[in-house]
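K.L.:
I need the structure of the sequence given here:
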Amino acid sequence: MGRYVQVEENVKIYVEDIGEGIPVIFLHGWPANHKMFEYQFSLLPAKGYRCIGIDMRGFGQSDAPWESYSYDRLADDLRAVIDELRIEKAALVGFSMGGAVAVRYMARHQGLGISSLVLIGSATPVFTKRDDFAYGMDPADVTEQMIDATYEDRPKMLAKFGLKFTRTKTKAGMMIWLESLCYQASHHGTIKAAITLRDEDLRGDLGQIRVPTVLFQGAKDKICEPVLAKLTGEQIQGSHIVEFEDSGHALMFDEPDKFNEELLAFLNREELQRLGAEMVRPGERQLF
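P.N.:
Next up is the predicted model:
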């Protein structure tokens, strides 16, 4: 069921809410929308999970204000949705830029309502190189390939970006569909979110995450290279990485069966451990 949540004056965010049970919140990557997770939305509700997909401002069916595309604002939008839907003990799943927003939310809002975290090809700890950070894209390349190119010819930009999105190039219909999702974004929102990707730094946020965390990473990722997952995981206590050897950036399309298996395994395991912890009375030993 789709609905809108007002996050500030004159700005509403679109939320798709399907199924009943343990909530799983999905945050999409740049410049797509929640529909990129439709295969998970058809699977998880049958397994006892409630799927909540959010179109970030400027993308999909959400409003596209002229200003305010920082990670702080996007994290505040997520907080407004969690408050409105009264979500508790949810798993938060973030892909690419969505992973960056998830990390900022965990730090800025102390992980309110979240019991576990899944970061997929996450644009963390920093998407671009810095004087003290030698990894990620060159900021000038982001400006040229993602920002200026969107100003000049968005269809051409999306076609080139799509070539990096997956390792598998044989699913022409799937690539056309994914590209169509990106056209649903506003032009200015696409540009301003790309500026956020280029300029923001999440290194100070990672150490504030206090929930079980898994990082899914494509070994052939050309957008968020595997070293970024390694550096991200090193700063999140108790986290671990699941590598997808035959995947590029969008590993849920390169290795869909493995992706769904690993996601369900993590969600099921964390739920069992949470239930076990709740059942243990003071003075008893947990067996999980």
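
K.L.:
alpha carbons only for contacts and neighbour counts from here, please
P.N.:
Noted.

K.L.:
report pLDDT for Glu278.
P.N.:
For Glu278, the pLDDT comes out at 68.

K.L.:
do the one 3 residues further on as well
P.N.:
You'll see Arg281 listed with a pLDDT of 50.

K.L.:
I figured Asn260 was touching Glu38, is that so?
P.N.:
No - using C-alpha atoms under 8 Å, Asn260 is not in contact with Glu38, being 11.9 Å away.

K.L.:
which one of these two has more residues nearby?
P.N.:
Asn260 (16 against 11; other C-alpha atoms under 10 Å).

K.L.:
low-confidence ranges, the stretch 151-288 of the chain, go.
P.N.:
169-170, 276-288 (pLDDT under 70).

K.L.:
the same query, at a cut-off of 90, please.
P.N.:
162-163, 167-175, 270-288 (pLDDT under 90).

K.L.:
which stretches in it count as strands?
P.N.:
Assigned by DSSP state E, counting those that start in this stretch, the strands in the stretch 151-288 of the chain fall at 213-218, 240-244.

K.L.:
now do the last one and strand 213-218, the angle between them.
P.N.:
Read it as strand 240-244. 20 degrees (axes from the mean of the first three to the mean of the last three C-alpha atoms, to 10 degrees).

K.L.:
could you dump strand 240-244 to PDB, C-alpha only?
P.N.:
Output of strand 240-244 as PDB, limited to C-alpha atoms (Å, rounded to 0.1, in the frame of the first residue of the first chain):
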ATOM      1  CA  HIS A 240      31.100  -8.400   8.600                       C
ATOM      2  CA  ILE A 241      31.300  -8.400   4.800                       C
ATOM      3  CA  VAL A 242      29.600 -10.800   2.400                       C
ATOM      4  CA  GLU A 243      31.400 -10.700  -1.000                       C
ATOM      5  CA  PHE A 244      29.600 -11.300  -4.200                       C
END
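
K.L.:
buried set for it?
P.N.:
By neighbour count on 16 or more other C-alpha atoms under 10 Å, the buried set for strand 240-244 is 240-241, 243-244.

K.L.:
widest-spaced pair of the residues you listed?
P.N.:
His240 and Phe244 (13.3 Å; C-alpha to C-alpha).

K.L.:
now Pro125. Its backbone dihedrals?
P.N.:
phi -70, psi -30 (degrees, to the nearest 10).

K.L.:
same thing with Arg130?
P.N.:
Dihedral angles for Arg130 - degrees, to the nearest 10 - are phi -130, psi 170.

K.L.:
endpoints of stretch 180-188, how far apart?
P.N.:
17 Å (C-alpha to C-alpha, to the nearest Å).

K.L.:
just give me how far it sits from the chain centre.
P.N.:
17 Å (C-alpha atoms, centre = their mean, to the nearest Å).

K.L.:
stretch 176-187 too?
P.N.:
Using C-alpha atoms, centre = their mean, the offset of stretch 176-187 from its chain centre is 17 Å.

K.L.:
and whatever helix or strand Arg104 lives in, what does it pack onto?
P.N.:
Assigned by DSSP states H and E, Arg104 falls within helix 97-108. Packing partners of helix 97-108 (3 or more C-alpha pairs under 8 Å, 6 or more residues apart in numbering; DSSP states H and E): strand 22-27, helix 71-85, strand 90-95, strand 114-120.

K.L.:
CA atoms only: put that helix into CSV for me.
P.N.:
C-alpha atoms of helix 97-108 as CSV (Å, rounded to 0.1, in the frame of the first residue of the first chain):
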residue,chain,number,x,y,z
MET,A,97,23.7,6.4,-1.7
GLY,A,98,21.0,4.8,0.4
GLY,A,99,23.7,3.2,2.4
ALA,A,100,25.2,6.6,3.1
VAL,A,101,21.9,8.0,4.2
ALA,A,102,21.4,4.9,6.5
VAL,A,103,24.8,5.5,8.1
ARG,A,104,24.0,9.2,8.7
TYR,A,105,20.6,8.3,10.2
MET,A,106,22.2,5.8,12.6
ALA,A,107,24.6,8.5,13.8
ARG,A,108,22.3,11.6,13.7
